[in-house]
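Peer 1: 3D, please:
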Amino acid sequence: MKRTLASLSCAVAITLLLGAWSNAPDGASPKLELYRAHAGDAVENFSYHGRLDSWEALDDSTIAVWTRPSKAWLIDLVGICGNLKDTPVIGITSQGKRVHGGHGEVLVRDASGHQSPCYIKSIRPLDMDAIRQAKLQSSEVKAPAA
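Peer 2: Modelled structure (predicted):
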């Protein structure tokens, strides 16, 4: 009985997640919605030692950055950040080896090499284990039954 209830709960959660993806507000991508669903509460800052493991533009005003392979942050920017989805390189300002929400900046380089600041509105930690699990469950639901 417990196993059946757990399986049913998991199926309901996956159905809701897939439904959220298909009904993403404002044209938000499924990946952005997944990341938002697994982001913690906003934090004031995070530790940054001058190097990112990777980063990804999720839309014109949201990025995910990895400071370590298993440590990621969802950063919402103030307004639309021009060239964010097209730039190969970003910079992040820090003070005392910390990136701060509210007054930190993401520096976006355009084709001519000019850097434009995009101001950080909020920073939220990403639960990468939960994101990986949701992706696995989603691929299991989409896979045809053998």
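
Peer 1: identify the residue nearest Gly104 in space, chain neighbours excluded?
Peer 2: Ile120 (4.2 Å; C-beta to C-beta, 6 or more residues apart in numbering). For the C-beta atoms, the positions are set from N, CA and C on the backbone; glycine is no exception.

Peer 1: can you give me the helices for this structure?
Peer 2: For the chain, the helices defined by DSSP state H occupy 2-22, 30-37, 128-142.

Peer 1: okay, now Ala39: neighbour count?
Peer 2: By other C-beta atoms under 10 Å, 21 other residues sit near Ala39.

Peer 1: tell me what the nearest residue to it once chain neighbours are set aside is bridged to.
Peer 2: Spatial nearest neighbour of Ala39, chain neighbours left out: Arg124 (3.9 Å); criterion: C-beta to C-beta, 6+ apart. Bridge pairing for Arg124 (DSSP bridges) gives the partners Leu74.

Peer 1: cool, and Trp55?
Peer 2: Val65.

Peer 1: ranking helices and strands of the protein by mean pLDDT, which lands last?
Peer 2: Ranked by mean pLDDT, DSSP states H and E, the helix or strand of the chain with the weakest confidence is helix 2-22, at a mean of 38.

Peer 1: in contact with His100, which residues?
Peer 2: Glu44, Asn45, Ser94, Ile120 (C-beta atoms under 8 Å, 6 or more residues apart in numbering).
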